[in-house]
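*Asks:* Kindly generate the corresponding structure for this input.
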Amino acid sequence: MAITDPLVADELLPSLDALMQLTEQSPPLNGANLGFYRKRARVGGSKPLEDVPFEVVEVPDGAGYRGFRLWLINTNADTPARPAVLHFHGGGLVMGNCQNSLPRMQSLAKALNCVVVSVEYGLAPEVGPEEAQLQHQAALNWLMAEAATLAIEVSQISLLGVSAGGCHAVNLALRCAADKLINLAGMALLYPMLDDRTGSTVMPPAHQGRYLWTAEHNHYGWRTFLGKAPGSDKIPSHHVPARASTLSGLPSTYIAVGELDLFYAENCSFAEKLEAAGIATELYTVPGAFHAFESIAPKSQLANEFNQHLLQALDRFGH
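*Replies:* Numbering: from 1, shown residues only. You can find the predicted model right below:
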């Protein structure tokens with residue numbers, strides 16, 4: 001039977017119905033089935049665009065972290081220096097990959113005439129918070145070191161974090177501010193995963209988190225990443241963006257989220273904290289939209305507006 005939910009935007013219902021049918025045929029997300037979900041993420045997605053070049057480079061092992069890969073998109077050493085976006089993909093901290101989001105990042109790079117560098121960061125449980133943060137800093141250090149070779153303007157480097165990638169992006173921005181590593185041009189966060197307490201000690205309203213990414217999924221993702229029960233007062237504040245002791249020094253930030261998303265409340269709360277800290281902040285909310293709706297229903301008008309709004313925000317950061 002097709003889904004009928006008066007809270008979901010009508011144009012999203014057909015795609016949501018197909019998603020829920022797939023969900024019903026899939027095993028629960030847990031440690032025993034994580035391999036299944038990682039494999040499905042690797043084989044999913046669209047084909048890369050033929051007119052936007054990309055290459056993959058290896059970042060070697062460093063002090064406290066294992067090597068990882070970077071996907072360089074739309075580089076051209078023969079052009080004047082351009083803005084760059086350091087991108088962190090989604091996947092609940094436990095799955096996801098750069099290849100799956102490659103076509104979208106190619107489209108973004110083409111539209112903005114910029115370079116996108118996607119980070120193939122380590123996933124939990126293999127990689128925990130401390131190593132993850134070292135990898136992210138190494139990715140930024142690599143980008144800065146290679147900026148001249150890649151024709152990138154260092155003063156125009158922005159961060160883009162999608163879902164779980166939002167956690168990583170904010171943690172990196174906090175490290176940059178604390179250690180005065182670089183003045184980032186801006187940070188864009190799409191329905192970012194920012195608070196381990198959501199789905200553990202803080203339960204959202206029933207209509208938020210009903211589709212795609214639920215409170216149970218969130219509990220599993222944070223538990224796997226942190227290595228301890230989420231919501232505990234023993235969680236180090238620098239591992240979870242919503243627990244950060246200060247947001248001072250963060251760059252201008254753009255946050256976009258659907259009003260049916262599990263992360264809606266924590267995203268709105270984080271935006272309020274940013275504004276209270278004096279950070280230029282833009283919060284864009286989408287009525288009738290669930291988590292990652294623009295990927296589930298990419299041809300919808302809501303998805304088009306969502307993507308255009310992101311491009312406008314990133315374009316402002318780069319100029």
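*Asks:* how much space between Tyr37 and Ala256?
*Replies:* Note on Tyr37: its distance to Ala256, by C-beta to C-beta, to the nearest Å, is 25 Å. The C-beta positions use only the backbone N, C-alpha and C, and glycine is treated the same way.
*Asks:* Leu212 now?
*Replies:* In terms of C-beta to C-beta, Leu212 sits 16 Å off from Ala256.
*Asks:* Pro83 now?
*Replies:* For Pro83, the distance to Ala256 - C-beta to C-beta - is 19 Å.
*Asks:* Give the residue spans of the protein that score low on pLDDT.
*Replies:* Filtered on pLDDT under 70, the chain yields the residue ranges 1, 44-45, 319.
*Asks:* Grab the most central residue of it for me.
*Replies:* The centroid of the chain falls nearest to Val162 when counting by C-alpha atoms, centre = their mean (1.8 Å).
*Asks:* And the strands in the chain, which stretches?
*Replies:* 54-59, 68-73, 82-88, 115-120, 152-162, 186-190, 253-258, 281-286 (DSSP state E).
*Asks:* In JSON lines: those, plus distance to Ser107.
*Replies:* Below are the strands of the chain laid out as JSON lines (distance: least, C-beta to C-beta, whole Å):
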{"stretch": "strand 54-59", "distance to Ser107": "12"}
{"stretch": "strand 68-73", "distance to Ser107": "10"}
{"stretch": "strand 82-88", "distance to Ser107": "12"}
{"stretch": "strand 115-120", "distance to Ser107": "10"}
{"stretch": "strand 152-162", "distance to Ser107": "13"}
{"stretch": "strand 186-190", "distance to Ser107": "14"}
{"stretch": "strand 253-258", "distance to Ser107": "17"}
{"stretch": "strand 281-286", "distance to Ser107": "19"}
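*Asks:* Just say which of the ones you listed is most tucked in.
*Replies:* Most buried of these, by mean neighbour count (mean count of other C-beta atoms under 10 Å): strand 186-190, with a mean of 28.
*Asks:* Just checking: what are the partner strands of it?
*Replies:* strand 152-162 (parallel), strand 253-258 (parallel) (DSSP bridges).
*Asks:* what's that strand in contact with?
*Replies:* Outside strand 186-190, the residues that touch it by C-beta atoms under 8 Å, 6 or more residues apart in numbering are 90, 158-163, 166, 169-170, 173, 250-257, 267, 310, 313-314, 316-317.
*Asks:* how about the CA coordinates for it, as CSV?
*Replies:* Taking Å, rounded to 0.1, in the frame of the first residue of the first chain, the C-alpha atoms of strand 186-190 are listed here in CSV:
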residue,chain,number,x,y,z
GLY,A,186,32.5,29.5,5.4
MET,A,187,30.8,26.3,6.4
ALA,A,188,27.7,24.7,4.8
LEU,A,189,25.9,21.9,6.7
LEU,A,190,23.1,19.9,5.2
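*Asks:* Just the angle for that strand relative to strand 281-286, thanks.
*Replies:* Computed by axes from the mean of the first three to the mean of the last three C-alpha atoms, to 10 degrees, the angle separating strand 186-190 from strand 281-286 equals 20 degrees.
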